[in-house]
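K.L.:
everything below, folded, please.
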Amino acid sequence: MSMVTCTGCALLCEDVEIRDGRILHACRRGSTLLAHHNEARAKPKVDGREVSFEEAMKEAKKIVSEAENLAIYGLDTTTLEAQKIAVEIAEKKEAYIDDNSTFCLGDFVELILRGRLPTTTLDEVRDYAYVIFYWGTDPFHSLSRHMSKFTYYPRGKKRQRGYEEDRFLVVADVRKTHTAKLAKKNAKFIRVNDDLELVQAFIDAAEGKAPKAYQKDVPRIVKEMEKSDFNVIIGGLGLRYGLKGNYEKFVEMMEKLNERTKVYFVPAGCHPNMRGFNETLFEKVGEVNKYSFRERRSSKDFAFYELLEKEKIDAAVVIGTDPVASLPFEYSKKLAKIKTIVIDPRENFTGKIASVVIPSAISGIETGGKMKRIDGVEVELEPLEQREINDVTILSELLEVV
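P.N.:
Numbers count the residues shown, from 1 in each chain. The predicted structure is shown next:
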């Protein structure tokens, strides 16, 4: 029997077992990652031609050393140790550095790190939370073990009677998702027309006023929250984009609710170590993403896709992500025009247009290190094996030439 820390998502489940070839306790995403981790592996390439690892590294070093406007992008699937080296490279090269949190949940993490939103750990949610409010996220699909390990279903230290009696589930979304279908007994589903309108309704209810919208739902939920001194809102991408950048209103709502009871906020989770990158960069420069070491500040103009659109960079190091697969086509065309180094365990679309491809190890399966769970808890990875070449060794070599 082997134990492994699953890096399939930001929950970083530490209880996954490999026993007699069977994968136990993993969700669909984790099982797929573990069962097929040896498939579609990347090979060292220069301009699409397969070469030795040493030749690929030599060309990558040349690109990094000669770049005048370098961007480093990705890093959400690698370890804290690798992230720190990447930040050091960016600092010495006066380069840009960014990750997927720019259009994911980075804004929420920043509010937490700046002390604007009260937060807690998922372990404390499991033990103490009464109202569990999923807002703009469908963990049934995106974080399959979220509800069973940490929120609605488990028995906690103070919540021994289970979800039938000891939890109150709230799901707010634009449609009735699979998670929303669970909101039946001792629960409430809110079909959201406008997230800011719902935020205002909670502010009104917390102030003792009758909300203009969601009049049947919101006052009931506030009353349920007042039954406990521990409640949690778990916000996803639906909430992030529904706020339309108006985070001050959401912060105000949290402040008003906390005048009545205790309500914490935890991001729903994205990539396995997105939170780790945000905290690593924040510790260094006081910002969580889209940062320029040349100008010593963060700006939306320094987001990776903005740099591509405005043709501000002449080289990029892409680590553990696939922007060609996720960004609009016009950005991919511009990425193909610059010198791009892809560091990744697997073949991907960005690798097909890259100047250099350097294969690496899969964090958590083939190499150890540390990551930060989405709630900020540091997790030590327990890999199945140790590959000699990984993100840390690759980035350490690139650091030598800057």
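
K.L.:
contact partners for the most centrally placed residue in the chain?
P.N.:
The centroid of the chain falls nearest to residue 270 when counting by C-alpha atoms, centre = their mean (3.1 Å). Counting by C-beta atoms under 8 Å, 6 or more residues apart in numbering, residue 270 touches 9, 10, 76, 100, 101, 104, 105, 374. All C-beta atoms are positioned from the backbone trio N, CA, C, and that covers glycine.

K.L.:
ok, it to residue 102 distance?
P.N.:
When distance is defined by C-beta to C-beta, to the nearest Å, residue 270 is 11 Å away from residue 102.

K.L.:
now the contacts of residue 270 as CSV including distance to residue 179 and pLDDT?
P.N.:
Shown next, in CSV, are those (distance: C-beta to C-beta, whole Å; pLDDT from 0 to 100):
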residue, distance to residue 179, pLDDT
9, 15, 94
10, 17, 96
76, 23, 97
100, 23, 96
101, 23, 97
104, 19, 94
105, 17, 97
374, 17, 97
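
K.L.:
how about these, which pair is most distant?
P.N.:
9 and 101 (14.3 Å; C-beta to C-beta).

K.L.:
just for the protein, where's the confidence low?
P.N.:
Within the chain, the stretches with pLDDT under 70 are 1.

K.L.:
break it down into its domains, please.
P.N.:
Domain assignment of the chain by automatic domain parsing yields the ranges 41-104+272-399, 106-267.

K.L.:
so which of the ones you listed is the most surrounded?
P.N.:
Of all the domains of the chain, domain 41-104+272-399 carries the top mean neighbour count, a mean of 20, counting by mean count of other C-beta atoms under 10 Å.

K.L.:
just send the domains of the chain back as CSV, with distance to residue 26 too.
P.N.:
Shown next, in CSV, are these (distance: least, C-beta to C-beta, whole Å):
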stretch, distance to residue 26
domain 41-104+272-399, 12
domain 106-267, 8
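
K.L.:
which one of those lies closest to residue 4?
P.N.:
The closest of the domains of the chain to residue 4 is domain 41-104+272-399. By C-beta to C-beta, the value is 5.5 Å.

K.L.:
hmm, back to that, how close does the residue nearest to the centre of the chain get to residue 326?
P.N.:
Relative to residue 326, and taking C-beta to C-beta, residue 270 is found at 12 Å.

K.L.:
go on, residue 384?
P.N.:
28 Å.

K.L.:
swap in residue 34?
P.N.:
Using C-beta to C-beta, one gets 23 Å for the distance from residue 34 to residue 326.

K.L.:
just residue 94 next, same as before
P.N.:
From residue 94 across to residue 326, the span is 27 Å (C-beta to C-beta).

K.L.:
which strand or helix spans the residue nearest to the centre of the chain?
P.N.:
Per DSSP states H and E: residue 270 is located in neither a helix nor a strand.

K.L.:
look up the closest residue to it, ignoring the ones flanking it.
P.N.:
residue 104 (4.6 Å; C-beta to C-beta, 6 or more residues apart in numbering).

K.L.:
thinking that neighbour is in contact with residue 277, fair?
P.N.:
No: if you go by C-beta atoms under 8 Å, residue 104 and residue 277 don't touch, sitting 10.8 Å apart.

K.L.:
joint contacts of residue 270 and residue 326?
P.N.:
residue 100.

K.L.:
excluding residues flanking it in the chain, which one is nearest residue 382?
P.N.:
Counting by C-beta to C-beta, 6+ apart, residue 5 is the residue found nearest to residue 382 once chain neighbours are left out, at 4.9 Å.

K.L.:
what about the one you found, neighbour count?
P.N.:
21 (other C-beta atoms under 10 Å).

K.L.:
if I pick it, what's in contact with it?
P.N.:
So residue 5 contacts 12, 13, 14, 16, 364, 379, 380, 381, 382, 383 (C-beta under 8 Å, 6+ apart).

K.L.:
cutoff 6 Å now
P.N.:
Residue 5 makes contact with 12, 14, 364, 381, 382, according to C-beta atoms under 6 Å, 6 or more residues apart in numbering.

K.L.:
do the same with residue 299
P.N.:
Counted by C-beta under 6 Å, 6+ apart, residue 299 has zero contacts.

K.L.:
could you redo the last one with a cut-off of 10 Å?
P.N.:
287, 290, 291, 292, 306 (C-beta atoms under 10 Å, 6 or more residues apart in numbering).
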